[in-house]
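Visitor: Let's see this in three dimensions:
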Amino acid sequence: MSAPELPFAGQVAVVTGGTRGIGAAISRALLAAGARVHAVYAANDEAARAFAGDCPQPERLTLARLDVADYAAVEAFWRELDAREPAGVQILVNNAGIRRDAIVGAMKPEDWTRVIQVNLSGSFHMSRFAVQSMLRQRYGRIVFVTSPAASFGFQGQANYAASKAGQIGLMRSLAREVARKKITANWSDETKAAHLASIPMHRLGEAREVAYAVLCLAAREATYINGATLEVTGGL
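Guide: I've put the predicted structure just below:
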């Protein structure tokens, strides 16, 4: 009896922030499910090499150093990716994110701007080019990894909360624009330690648990899930 085909076999995924933390768990889950993964990272070459060295499917993993806030660099990345993957990209996971915490009265303008550029503008940059690839195929899955900060606001994280709330607005608008082309856009919500006491399960979520949620949203069978929020927050 032949082995069953893996659910994401033949699909190509791009995961931003894809070599550390939640992003690494998402990349691993997609690789284990059969996808070819282009794991994007911003600067930490050592962590990226360590991730690749620990990967059981290195033949389906490509590392790409990229600042998603740099529109010209993102455009060049997608141009090279289109040449490498002529059949297109089926999955984009917008996971890249940074924090530069301070209360509003003490927050440096450059820290506000940089968090918005990476977390929100970076998601727009990557989604813009992903949609162009997906429209040619009339198929695609775009997943945004956000945070409860978008809804609750965290003290000292006004920039981060604003960027995550902006991601949700971007996702919902994008979902409406591309639904007829069989492209979906959804978001998966991660937990934060600051709200541990408020989490009914009384523990933090694990990276692999967020990764499983991303696989659900990215599946071909998730055709009718669009513009939705899948909270991976332990009931928060």
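Visitor: hey, let's count contacts and neighbours off CA atoms from now on
Guide: Fine.
Visitor: tell me how far the longest helix along the chain is from the chain's mean position?
Guide: As assigned by DSSP state H, the longest helix anywhere in the chain is helix 158-178. In terms of Cα atoms, centre = their mean, to the nearest Å, the centre of helix 158-178 is set 13 Å apart from its chain centre.
Visitor: State the mean pLDDT of that helix.
Guide: When pLDDT is averaged along helix 158-178, the result is 95.
Visitor: for that helix, which positions count as buried?
Guide: For helix 158-178, the neighbour count (16 or more other Cα atoms under 10 Å) marks 158-168, 170-172, 174-175, 178 as buried.
Visitor: name the helices or strands packed onto that helix?
Guide: Judged by 3 or more Cα pairs under 8 Å, 6 or more residues apart in numbering; DSSP states H and E, the packing partners of helix 158-178 are helix 109-116, strand 140-146, helix 149-152, strand 183-189.
Visitor: out of the ones you listed, which comes closest to residue 13?
Guide: Among the helices and strands packed on helix 158-178, the nearest to residue 13 by Cα to Cα is strand 140-146 (9.2 Å).
Visitor: where do the strands sit along the chain?
Guide: 12-16, 36-41, 61-65, 91-94, 140-146, 183-189, 229-231 (DSSP state E).
Visitor: Quickly run through the sheet partners of the shortest one, with directions.
Guide: Right, strand 229-231. strand 183-189 (parallel) (DSSP bridges).
Visitor: got the contact list for the partner strand?
Guide: Applying Cα atoms under 8 Å, 6 or more residues apart in numbering, the contact partners of strand 183-189 are 134-135, 138-148, 168, 171-172, 174-175, 178, 210, 213-214, 217, 223, 225-233.
Visitor: Kindly export that strand (C-alpha atoms) in PDB.
Guide: The C-alpha coordinates for strand 183-189 follow below in PDB (Å, rounded to 0.1, in the frame of the first residue of the first chain):
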ATOM      1  CA  ILE A 183      -8.200  33.400  -2.400                       C
ATOM      2  CA  THR A 184      -8.800  33.600   1.300                       C
ATOM      3  CA  ALA A 185      -7.300  35.900   4.000                       C
ATOM      4  CA  ASN A 186      -7.700  35.100   7.700                       C
ATOM      5  CA  TRP A 187      -5.900  35.700  10.900                       C
ATOM      6  CA  SER A 188      -4.700  33.600  13.700                       C
ATOM      7  CA  ASP A 189      -4.300  35.100  17.200                       C
END
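Visitor: angle of it against helix 158-178?
Guide: Angle of strand 183-189 versus helix 158-178, following axes from the mean of the first three to the mean of the last three Cα atoms, to 10 degrees, is 150 degrees.
Visitor: one step back: what's the closest of the strands of the chain to residue 82?
Guide: Of all these, strand 12-16 sits nearest to residue 82, with 11.2 Å by Cα to Cα.
Visitor: And the closest one, what does it pack against?
Guide: Looks like strand 12-16 contacts helix 21-32, strand 36-41, strand 91-94 (3+ Cα pairs under 8 Å, 6+ apart).
Visitor: That one pairs with which strands, parallel or anti?
Guide: By DSSP bridges, strand 12-16 pairs with strand 36-41 (parallel), strand 91-94 (parallel).
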